[in-house]
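Visitor: turn this into a structure:
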Amino acid sequence: MEVITKRDVFGLQSLPIFFFFFCFIVLPLSSRSVEAYKNYTVGDSLGWYDKSEKPTVDYQKWADSNNFSLGDFLILSLGDLGQCRVGLKAEMEV
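Guide: Numbers count the residues shown, from 1 in each chain. So this is what the prediction gives:
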């Protein structure tokens with residue numbers, strides 16, 4: 001007859017340790033990494049304009065005041081779509 005002196009690592013004796021590890025370490029760390037996306041309207045209430053149309057709109061200042069994350073949406077509020085010009089090109093520096 002052989003006597004086993006090692007602790008049962010995967011049995012019932014380790015269940016309280018696993019429960020403690022999961023509840024107090026794994027769950028708090030995983031909840032911080034999951035964040036919802038956010039919608040940003042470019043220029044806020046001023047909307048999206050070409051610099052020649054509205055030179056007072058400072059998009060760099062607007063971008064610096066926001067904290068963007070992966071998965072966020074940027075919404076371009078163009079105002080009246082009937083005023084769109086053919087061939088208008090929008091460039092963004094990322």
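Visitor: next structured bit after the helix or strand bottoming out on mean pLDDT in the chain?
Guide: Between all helices and strands in the chain, the lowest mean by mean pLDDT, DSSP states H and E belongs to helix 27-33, at a mean of 58. The helix or strand immediately downstream of helix 27-33 is strand 39-41, counting by DSSP states H and E.
Visitor: low pLDDT regions in the protein?
Guide: Applying pLDDT under 70 to the chain flags the ranges 1-15, 18-24, 26-35, 79-94.
Visitor: how does it look with 80?
Guide: In the predicted model of the chain, residues 1-36, 44-57, 77-94 satisfy pLDDT under 80.
Visitor: next up, phi/psi of Asp44, please.
Guide: Dihedral pair for Asp44: phi 50, psi -130, per degrees, to the nearest 10.
Visitor: count of residues packed around the closest residue to it other than its chain neighbours?
Guide: What sits nearest to Asp44 in space, not counting adjacent residues and going by C-beta to C-beta, 6 or more residues apart in numbering, is Trp62, at 6.6 Å. C-beta here means a position set from N, CA and C on the backbone, and glycine is covered the same way. Neighbourhood size, Trp62 [other C-beta atoms under 10 Å]: 15.
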